[in-house]
Structures are given as structure tokens and as C-alpha cells.
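Student: The following block contains a protein sequence and its predicted model.
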Amino acid sequence: MGSEGPKAVIIHVTGFKKFLGVDENPTETMVNNLKIFLEKRGLPAGVRLGSCTVLETAGIGALPMLQKILESSISSMDNGRVVWISSLYGVGFGIKLIVLIYLHFGVNSGQTKFAIEQQAVNEATFGCPDEFGWQPQKLPIVPEDGEISQTRETVCSTEAILEFLNKKGYDATTSRDAGRFVCNYVYYQSLRFAEQKGLKSLFVHVPLFSSIDEQTQMKFIATLLEAIASTC
């Protein structure tokens, strides 16, 4: 198998495509450019960037790709050990412990700061149709979970992450309301999967580039990865 190394934090990142009222979604741009940006800037010690994926801004329509990301991320793991991740570590390199985190980004065009979402609600109530034309009203995202008031919370240390970001000069806040649109829909599904597998999931809302420019937001993401690695 090869030698064992230290703990590694592997972070899988997603963003969204355009949707009604937002023709250019900043999360699509940032997720598409993230790998190149981090290759130039460098990653914090022990952090590895897994997949970077842009999802359809659709509830049910985003699920096939989301499920693929979630399931493929653990296909090479067995009881917390790497079985085969040649693209990240080289053939046969073993790691003693892996922390696997799903990090999702969405845009909130009405805000001017970064918002770390602490929970998602089992409710799909879309104020407008998603990009696949679906507009549910007061439907449970996962019916077997019970009522639409059911919530799931991230196990990431959101307050510690916020403190880290604030110390670095970023105007960020925590939030307990991710809305009821696609962001909340995807976050709830991700939190549910992460809880079942003993993993971690986190959602962060970002402003439009007209509020905070692209370069600043890219630097924010890099700092956020550092914050997650140091607190999770």
C-alpha cells in the first residue's frame, strides 16, 4: 500500500449556473477558475482540492450531478483510509486519516457580505421556477424525513470559521436561513448525505461581483479553505 502520511482535508466544491434574475452567477465563474487560482496561490498545508463542479440551478435537476459528486468522493475510501486516489497523491500513497468536506457556494444578489449557512430546511418553496421549470410550494425535500419544518445543521464550526475570516478582514456573517430555493434544496441533500456517511458539508452565500469584485471573492474562497482546514 505504501507509507502512511498525516491527516488530509479534501474539499469538494460546487457552484451554480445562471438563473432567473442572475444572468452571470459569480459562483460559476469562481468554481470554474478555482483550481488554476489555487495552483498559483498555493493551498494550506494538508488541504487538497477535490472536485470543482458547477450545478444546474434546479432542484431535482441538480440531483444527478450532486449525487455523483457525493458518491464518487467516497468510492476510494474505506474506513477513513485512502484506497486509491492517484490523481491527488500519486499511485500507492496511503493516508492515515482523511477529513472529507463538501463546500457549496450560491449567490444572494440582495446581500453585500459573505454568509456562512448553519442549516438547511426540509422545505422546497420556490419563489420562481428553477432552470428546469420546477416551482414547488411547501413540499418536503425528503418526504421520509418528515415535515417541512425539519432542519439539518452543519457540524462544521461556523463560529470559528467566521472568527477566522473576520480576523483576515472579510465582512462575513453566519446565517440560519438559506432560503427555500435551490441553494437550500442542495444544501439539505448534502447535509443529509454527509450525516449518513460521517462527513461534513457547508454552504456559503456570496454577493454579486458588483458588490464584491471577483478577485476579492477568489481570495475569500482561498481563505475560507484555510479556515475550514484549521477549524474542522
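Tutor: Thanks, I have the structure now.
Student: Identify the residues contacting stretch 154-169?
Tutor: 101, 114, 116-119, 172-174, 191, 194-195, 200-203, 220, 223-224, 226-228, 230-232 (Cβ atoms under 8 Å, 6 or more residues apart in numbering). Every residue, glycine included, has its C-beta placed from N, CA and C.
Student: Repeat the analysis, applying 10 Å as the threshold.
Tutor: For stretch 154-169, contacts defined as Cβ atoms under 10 Å, 6 or more residues apart in numbering pick out 101-103, 114-120, 170-176, 187, 190-191, 194-195, 198-204, 219-220, 223-224, 226-228, 230-232.
Student: biggest helix in this structure by residues?
Tutor: Using DSSP state H to define each element, the chain has its longest helix at helix 214-231.
Student: Remind me what that helix packs against, helices and strands.
Tutor: The contact analysis (3 or more Cβ pairs under 10 Å, 6 or more residues apart in numbering; DSSP states H and E) places helix 214-231 against strand 8-16, helix 26-41, strand 47-55, strand 98-107, strand 114-117, helix 158-167, strand 172-175, strand 200-206.
Student: Using neighbour counts, pick out the buried residues of that helix.
Tutor: By neighbour count on 16 or more other Cβ atoms under 10 Å, the buried set for helix 214-231 is Q217, M218, F220, I221, A222, T223, L224, L225, E226, A227, I228, A229.
Student: can you give me the mean pLDDT across stretch 159-172?
Tutor: Across stretch 159-172, the average pLDDT comes to 98.
Student: what residues are up against the residue nearest to L70 when sequence neighbours are not counted?
Tutor: Nearest residue to L70, sequence neighbours excluded (Cβ to Cβ, 6 or more residues apart in numbering): F193, at 4.8 Å. By Cβ under 10 Å, 6+ apart, F193 lies in contact with L66, Q67, I69, L70, E71, S73, I74, Y102, L199, S201.
Student: Work out for me the element the fourth one sits within.
Tutor: L70 is located in helix 59-74, with elements delineated by DSSP states H and E.
Student: Could you list every helix and strand in contact with that helix?
Tutor: Using 3+ Cβ pairs under 10 Å, 6+ apart, helix 59-74 is in contact with strand 8-16, strand 47-55, strand 98-107, helix 182-197.
Student: hmm, which helix or strand of the chain has the shakiest average pLDDT?
Tutor: Ranking every helix and strand in the chain by mean pLDDT, DSSP states H and E puts helix 86-89 at the bottom, with a mean of 36.
Student: Return, as residue ranges, the portions of the protein with sub-threshold pLDDT.
Tutor: For the chain, the stretches flagged by pLDDT under 70 are 1-6, 76-96.
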